[in-house]
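return a 3D structure for these sequence lines:
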Amino acid sequence: MPFVATPDQVKAFQAFSSRPGFSQEAISVDFTTTSDFVNSVLPPGLEAADRPVGTVSISTWESKLCGEFECTMVSLQAKHKGVEGKYILTLLVSGDMPVTWGREIWGEIKKTGVCQLYRSGNRRYGYGERKGVRLVELSADFETETPGNVERSLGYEIKAYPSATGIGLHDDPRLVTLDIVEHNTKRATGKGKLVLRGTKSDPLHEIPVLSIGDFTYVSGVSEYSVLSETPLNVGDAYLPYLIGRHYDDLRVFHIGDSFDPSEQEEDEIFPVQRLQSS
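As a prediction, the model looks like this:
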């Protein structure tokens, strides 16, 4: 790729970016939380779904758009104007191009992390790790195979950027609504365990997980397309949600002698949640 893309390269970038396709293998589990927690983390413009539920997943992906990568996701169900979709709280992704494309094009909350998915027979185990902490672990035995299917859902991303001055937002946040179609050629269900750990920058320990359901394994092709990109008209009211999801607490990073060390905070590991499906 040259420093200035050729017309053919621009055409290819736009064609791939406008309707990206993926191949995925994933294990996931749904969980129940509290309505108070959901309401506390949803930004202006979104509201809680009828039930306080979410999903934890670990997956591997292939894509012509950004190559091969691995992913760990924790999401909640939310509504916009009465229509339910997925709102992501944590998204760890391997590789610079998957992270860069997702954050810049859709406004995704991707952070670079290490994600691995292993299998032995019907057993699947995966983890998502960041800054030396295994934030998420999933393990399950998938004894029951189920017929392939096609699942359709919506994803809600919020595209917003800080001002170049570091104060406030660059522009009004925009809600990106994604149409997601998953062609699952392989499916299975099973029982397993979920482990969540947290740090100040990735506070998964703050999610009150009341219960988890059966684990699901899927493999197949996924199609994504943008249904709409509309202003939320909430201005800087979205800033706390942007900083909380996209960025680490800047005070955990080491600083030089010219800075006031009293401003620095130590990152730390918080208690572990361990849950098992019944």
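
please enumerate the helices of the stretch 51-200 of the chain.
96-101 (DSSP state H, counting those that start in this stretch).

residue 85 reaches residue 79, doesn't it?
Yes. Counting by Cβ atoms under 8 Å, residue 85 touches residue 79, with 7.5 Å between them. All C-beta spots, glycine's among them, are computed from the backbone N, C-alpha and C.

if you count neighbours, what's buried in stretch 23-41?
Using 16 or more other Cβ atoms under 10 Å as the test for burial, stretch 23-41 gives 24-31, 33, 37-38, 41.

and what of stretch 227-245?
So for stretch 227-245, counting by 16+ other Cβ under 10 Å, buried means 232, 234, 238-239, 241-242, 245.

ok, now stretch 198-208?
198-202, 204-205, 207.

and the end-to-end length of it?
Start-to-end span of stretch 198-208 (Cα to Cα, to the nearest Å) is 12 Å.

stretch 165-172 too?
16 Å.

re the thing from before, including distance to residue 131, could the buried residues of stretch 227-245 go into TSV?
Formatted as TSV, those follow (distance: Cβ to Cβ, whole Å):
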residue	distance to residue 131
232	31
234	31
238	26
239	24
241	22
242	20
245	16
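
out of those residues, which comes closest to residue 277?
Taking Cβ to Cβ as the measure, residue 277 sits nearest to residue 245 out of those, at 27.4 Å.

please name every helix or strand in contact with the host helix or strand of that closest one.
Here residue 245 sits within helix 239-246, counting by DSSP states H and E. When contacts are defined as 3 or more Cβ pairs under 8 Å, 6 or more residues apart in numbering; DSSP states H and E, helix 239-246 packs onto strand 83-93.

which of the residues in the strand it packs on are buried?
Buried residues in strand 83-93, counted by 16+ other Cβ under 10 Å: 84-93.
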